[in-house]
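Undergrad: Turn this into a structure:
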Amino acid sequence: MRLEITCQDRLGITQDVLDILVAHEIDLRGIEIDPTGKIFLNFPNIEFADFQHLMPKIRHIDGIDDVKTTPFMPGEREKNQLSAILRTLPDPVFSVDAKGRILLCNEAVTSGLELGFNEVAGSDIGEIVKGFNFQRWMDGDKPRPQSTKVKFIQQDYLADMLPITVADGESNRIMAGAVVILKSEMRLGQQFTAFHQSPTDSFDRFATESTCMKRVVHEAKRIADLDAPILIFGETGTGKEMIARACHQSSRRSEGAFLALNCASLPDSVAETELFGYAEGAFNQPTAKVGLLEQARGGTLLLDEIADMSSQLQAKLLRVLEDGEFRRVGDATVVSVDVRFICTTCRDLGQLVEEGRFRKELYYRLNVLSLVMPSLKDRRQDIVPLAEAFIAQHSTKLGRRPAKLSKSCVEFLQQYPWPGNVRQLQNALYRALSLLDGKEITKEDIQLPNCAPSVTYIDENFEGTLDEEVKKFEKDLLKRLYPFYPSTRQLAKKLGLSHTAIANKLREYGINKATVKL
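TA: Now for the predicted structure:
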């Protein structure tokens with residue numbers, strides 16, 4: 001379990017948090033503090049009852065603003081992404097020490113040499129990359145970055161050599177090693193062509209006034225052209241599919257297909273045939289069906305809400321990731337495919353793995369590169385630019401001039417919590433424009449469920465029992481949350497209860513889609 005704690009800059013606040021963990025006898029696996037001052041904790045899963053007591057105690061510490069669970073620690077993501085970048089770069093990359101011995105290299109090196117990493121590690125780079133004296137360069141006075149022509153596996157490459165220096169404890173820096181990147185003539189040609197193409201950025205469609213969204217788009221641009229799987233976390237309606245499509249359009253696979261499968265919307269048997277297809281004669285069908293995996297060959301396949309994929313399909317998908325091949329349903333012939341996978345989820349896959357509800361091997365195969373789409377309430381600066389963009393877009397569809405937002409409407413949009421995120425904002429504005437008579441959208445034109453907190457004060461002489469008053473409060477709370485979490489599973493996750501417990505309470509209080517306006 002991992003917690004993200006938003007707090008103020010106060011001396012001793014971290015120690016106060018640790019004291020609570022010690023009091024609860026919680027074994028801390030790791031602690032990190034990011035540049036913004038947030039505290040991240042990593043500790044083993046604890047019982048729900050203990051978790052219920054722990055969270056309020058942390059929140060009550062002076063200077064703590066918010067506490068929530070998070071899928072991973074910042075260091076875990078950074079380490080995984082750096083490792084993935086090294087492994088999946090198409091160019092051969094070496095990291096060497098000050099003596100020229102190879103410390104790290106990527107798959108482009110080992111596959112080209114047809115050797116395992118252990119056979120390459122420790123070798124002198126001069127024995128593998130010919131045509132340049134690496135040792136003389138590193139032994140020189142203040143080596144500088146250099147590019148030169150070399151030979152690797154009897155082929156010509158351009159080598160970029162980047163020195164790595166560390167401080168010697170004083171004001172000087174000493175040579176610690178180097179990174180060597182090789183680029184073939186073909187790759188240089190591709191880059192030269194890309195450099196001269198007209199500037200079209202598939203990420204320009206994103207509103208990035210907020211710091212958190214700027215960071216997400218920056219990370220997405222860096223990983224878009226890598227070939228490893230991408231796992232995108234985020235609440236419903238945050239734009240996970242949109243950024244997945246942007247990553248595809250910015251990759252070397254942009255000329256290939258971008259296809260999607262919603263793992264939550266189809267029965268298991270249908271999802272299997274949609275993904276893998278079936279052979280001629282299967283299901284008494286006269287012709288074979290080509291699945292999405294084959295249709296997306298050379299392109300990208302988006303698996304939306306991967307957490308809802310059945311364990312049987314997870315096992316078959318794992319083989320595709322490991323071997324790059326599969327069999328159609330009802331067929332013995334092996335089909336090889338070259339597809340990049342992008343997966344989305346609104347759930348904590350790491351938690352599902354620990355609960356045994358998602359395959360561990362598949363999780364580690366998919367979670368190579370990751371992005372976290374922030375909720376709209378965390379990117380307030382983007383709300384007005386998004387609203388204006390949606391108004392322009394919808395006005396074109398409706399054949400009318402774009403309306404303006406009134407001051408009261410702008411304030412309302414920025415203060416509303418947006419449980420449905422960007423999709424809810426887009427739908428609300430479309431409805432307002434469709435029914436608008438004037439040229440200005442006011443607060444009254446935006447119809448949204450009321451999210452204002454309602455507090456009931458009970459007089460000391462109230463009639464009834466404690467149990468009756470608790471049930472009144474419980475019913476009121478469930479009625480207010482139900483429009484935003486209209487499935488028992490969503491509501492159960494929000495309140496930290498079991499699916500069965502929530503279903504029983506909704507039935508007891510008569511709360512359903514027929515009695516509550518969504």
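Undergrad: what comes up buried for stretch 352-372?
TA: Residues 352-353, 358-359, 362-363, 365-372 are the ones in stretch 352-372 that count as buried (16 or more other C-beta atoms under 10 Å). Glycine gets a C-beta too; all of them are placed from N, C-alpha and C.
Undergrad: just stretch 483-498 next, same as before
TA: For stretch 483-498, using 16+ other C-beta under 10 Å, the buried residues are Pro483, Phe484, Tyr485, Thr488, Gln490, Leu491, Ala492, Lys493, Leu497.
Undergrad: could I get those residues as CSV with pLDDT, secondary structure and distance to Arg253?
TA: Listed next are the buried residues of stretch 483-498 as CSV, based on pLDDT from 0 to 100; DSSP: H, G, I helix; E, B strand; the rest coil; distance: C-beta to C-beta, whole Å:
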residue, pLDDT, secondary structure, distance to Arg253
Pro483, 74, coil, 40
Phe484, 69, coil, 37
Tyr485, 76, coil, 36
Thr488, 83, helix, 39
Gln490, 80, helix, 34
Leu491, 84, helix, 39
Ala492, 84, helix, 39
Lys493, 81, helix, 34
Leu497, 87, coil, 43
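Undergrad: Which of those sits closest to Val384?
TA: Phe484 (22.5 Å; C-beta to C-beta).
Undergrad: quick revisit: tell me which of the buried residues of stretch 352-372 fall in helices.
TA: Leu352, Val353, Leu362, Tyr363, Arg365, Leu366 (DSSP state H).
Undergrad: Out of those, which is nearest to Gln154?
TA: Distances from Gln154 to these, taken by C-beta to C-beta, are shortest for Arg365, at 33.8 Å.
Undergrad: Mind jotting down where the strands sit in the stretch 1-150 of the chain?
TA: Applying DSSP state E, counting those that start in this stretch to the stretch 1-150 of the chain gives strands spanning 2-7, 30-33, 39-42, 64-69, 93-97, 102-105, 129-130, 146-152.
Undergrad: and the helix or strand where Ala315 lies, how far from the chain's centre?
TA: Assigned by DSSP states H and E, Ala315 falls within helix 311-323. Centre-to-centre, helix 311-323 and its host chain are 21 Å apart (C-alpha atoms, centre = their mean, to the nearest Å).
Undergrad: for stretch 473-485, same thing?
TA: The chain centroid and the centroid of stretch 473-485 are separated by 29 Å, computed with C-alpha atoms, centre = their mean.
Undergrad: List the buried residues for that stretch?
TA: Going by neighbour count (16+ other C-beta under 10 Å), the buried part of stretch 473-485 is Lys475, Leu478, Arg480, Leu481, Tyr482, Pro483, Phe484, Tyr485.
Undergrad: On the pLDDT front, check the third one for me.
TA: Pointing back at Arg480 there. For Arg480, the model assigns a pLDDT of 78.
Undergrad: ok, so what distance separates it from Arg489?
TA: 18 Å (C-beta to C-beta, to the nearest Å).
Undergrad: Ile33 now?
TA: Going from Ile33 to Arg489 by C-beta to C-beta gives 34 Å.
Undergrad: what do you get for Glu185?
TA: Distance from Glu185 to Arg489, by C-beta to C-beta: 54 Å.
Undergrad: cool, and Ala315?
TA: To Arg489, Ala315 is 23 Å away according to C-beta to C-beta.
Undergrad: Then Ser265?
TA: 14 Å.
Undergrad: Now do the buried residues in the helix or strand containing Lys397.
TA: Take DSSP H and E as the rule and Lys397 turns out to sit in helix 383-398. By neighbour count on 16+ other C-beta under 10 Å, the buried set for helix 383-398 is Ile383, Val384, Leu386, Ala387, Glu388, Ala389, Phe390, Ile391, His394, Ser395.
Undergrad: Run through the strands of the stretch 251-400 of the chain in chain order.
TA: Using DSSP E, counting those that start in this stretch, strands in the stretch 251-400 of the chain cover 258-262, 277-278, 289-290, 300-304, 325-327, 334-336, 340-345, 369-372.
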